[in-house]
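Enquirer: sequence below, structure please.
(one chain, ligands or ions: 2)
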Amino acid sequence: MKLKVIVYKKVDQSVLDFIQKTCQVVYFEKLDSQNYPEFLHELKDAQGILGSGLKVDKSLLDQAPCLKIVCNISVGYDNLDLTELSERGIMATNTPEVLNETVADTIMGLILSTARRMPELDQRVKAGQWGNNLAEKWFGLDVHHKVLGIIGMGGIGSAVAKRAHFGFDMDILYHNRSRNDEAEQKYGATYCSMEDLLKQSDFVCVMTPLTPQTEKLIGKREFKFMKKTAIFINCSRGKVVDEGALIHALDSGEIHAAGLDVFEKEPVNSDNPLLSMKNVVALPHIGSATYETRLKMAMLAATNLVAGLQGEIPPTWINNRIQVK
Ligand SMILES: NC(=O)C1=CN([C@@H]2O[C@H](COP(=O)(O)OP(=O)(O)OC[C@H]3O[C@@H](n4cnc5c(N)ncnc54)[C@H](OP(=O)(O)O)[C@@H]3O)[C@@H](O)[C@H]2O)C=CC1
Ligand SMILES: O=CC(=O)O
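Expert: Numbers count the residues shown, from 1 in each chain. Ligands and ions are numbered 1, 2, ... in the order given. Next comes the predicted model:
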């Protein structure tokens, strides 16, 4: 008999076909309050689940006694309680690398659009407010030859550094817990303390995972260190930043602007002060959202799922030191 798995996110038919060669698939294009009871019912005898964003914690796992593998279609796995999964011998996988270049493109888009105020100017032109002269008040800031500080020089951070170094002649500073020799050699990135990075950078880009150590990593103190002309970019997770402190920093002119793909609460509330600030460019958590990359991510997640259930090693297994169930 085929093993039963749940796919709880819309994926391409080719991904479903691949999984269905070896598994029986229960498919929810998305989970909502209407179909959640049905999902929980199916979970009772499911061996694998595949999707993204679902909080997989003790209370969910208590309702999934047969589960062997949880496959995220995302590189971030802050939605997973890894301790709980590992104690139960359940494998967890994510989708690193295949999205690096696409997310880096999104980040460069945020850097350029905040510095050159593209969304604001687009709205003016479309509203018929071009006028005869482009007044100085619509000027932006240069990106090329500036200093880019990357906090979290991993897969995505390195792809940003590559673009900034070769494409924009930027100087790269970075901060991690450990040195990234490759980024230093290939992109001339300079390792420095967080404080030095914040003080010296024209653009500060956060690209760490969300962990207990990185929650509110950037707060009041960090914004105070930044230049008044600094542009802050967050494409990691909203909770890595103290959103109240960010609002204050933008409001009070402590920093110049922000480009945000992620928010403390998603979808962001329509009355969030960040959304009414002209110096904020806001995106709806679409860092990796191209057809090509989302397909690669879903296929990698499916490959993990099938491998794990067939007793093979999933290619991107996170808790790979556990005694498997
Ligand atoms: N907006 C979007 O759509 C997307 C968001 N993301 C987010 O981006 C995150 C990063 O992805 P990716 O680049 O693939 O991950 P990587 O694991 O490749 O890189 C993360 C980097 O963060 C550093 N880091 C981790 N903890 C700390 C810390 N406490 N202080 C300083 N640096 C730290 C790591 O270095 P070291 O271990 O040496 O500290 C590493 O260099 C994901 O976890 C996800 O949350 C990812 C994809 C898309
Ligand atoms: O947020 C997206 C991810 O892949 O992580």
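Enquirer: checking my notes, Cys66 in a strand, right?
Expert: No - counting by DSSP: H, G, I helix; E, B strand; the rest coil, Cys66 falls outside a strand, being coil.
Enquirer: if I look at it, what pLDDT would I see?
Expert: With respect to pLDDT, Cys66 has a value of 98.
Enquirer: residues contacting it?
Expert: The contact partners of Cys66, by CB atoms under 8 Å, 6 or more residues apart in numbering, come to Lys4, Lys44, Asp45, Ala46, Gln47. (C-beta placed from N, C-alpha, C; glycine too.)
Enquirer: which residues does stretch 18-29 contact?
Expert: The contact list for stretch 18-29 (CB under 8 Å, 6+ apart) reads 2-10, 16, 35, 38-39, 42, 46-48, 50, 299, 302-303, 305-306, 309-310.
Enquirer: re the thing from before, which among the contacts of Cys66 gets closest to ligand 2?
Expert: Ala46 (22.7 Å; CB to the nearest ligand atom).
Enquirer: measure the nearest residue to His256 once chain neighbours are set aside to ligand 2 for me?
Expert: Distances taken as CB to CB, 6 or more residues apart in numbering put Thr229 closest to His256, at 4.9 Å, once the chain neighbours are dropped. Computed as CB to the nearest ligand atom, to the nearest Å, the Thr229 to ligand 2 distance reads 29 Å.
Enquirer: would you point out the helix or strand in this protein whose mean pLDDT is lowest?
Expert: helix 118-126 (a mean of 95; mean pLDDT, DSSP states H and E).
Enquirer: what's in contact with the helix or strand just after it?
Expert: Where DSSP states H and E defines the elements, the next helix or strand beyond helix 118-126 is strand 147-151. Here strand 147-151 makes contact (CB under 8 Å, 6+ apart) with 111, 157, 160-161, 164, 170-176, 189, 194, 197-198, 200-208, 217-218.
Enquirer: let me see the mean pLDDT of strand 147-151.
Expert: The pLDDT scores in strand 147-151 average 99.
Enquirer: starting at the chain centroid, how far to that strand?
Expert: Mean-position distance between strand 147-151 and its chain equals 17 Å (CA atoms, centre = their mean, to the nearest Å).
Enquirer: who does it pair up with?
Expert: strand 171-175 (parallel), strand 203-206 (parallel) (DSSP bridges).
Enquirer: which other residues reach the shortest one?
Expert: In other words, strand 203-206. With CB under 8 Å, 6+ apart as the test, strand 203-206 has contacts from 107, 111, 115, 143, 146-152, 157, 160, 170, 197-198, 217-218, 226, 230-236, 240-241.
Enquirer: dump that strand to PDB, restricted to CA.
Expert: Extracted C-alpha coordinates of strand 203-206, given in PDB (Å, rounded to 0.1, in the frame of the first residue of the first chain):
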ATOM      1  CA  PHE A 203      22.500  50.100   3.400                       C
ATOM      2  CA  VAL A 204      21.800  47.600   6.200                       C
ATOM      3  CA  CYS A 205      20.400  44.300   5.000                       C
ATOM      4  CA  VAL A 206      19.300  41.700   7.500                       C
END
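Enquirer: which parts of the protein sit against ligand 1?
Expert: 75-76, 96, 99, 103, 152-157, 175-178, 207-211, 213-214, 235-237, 261-262, 285, 287-288 (CB under 6 Å from any ligand atom).
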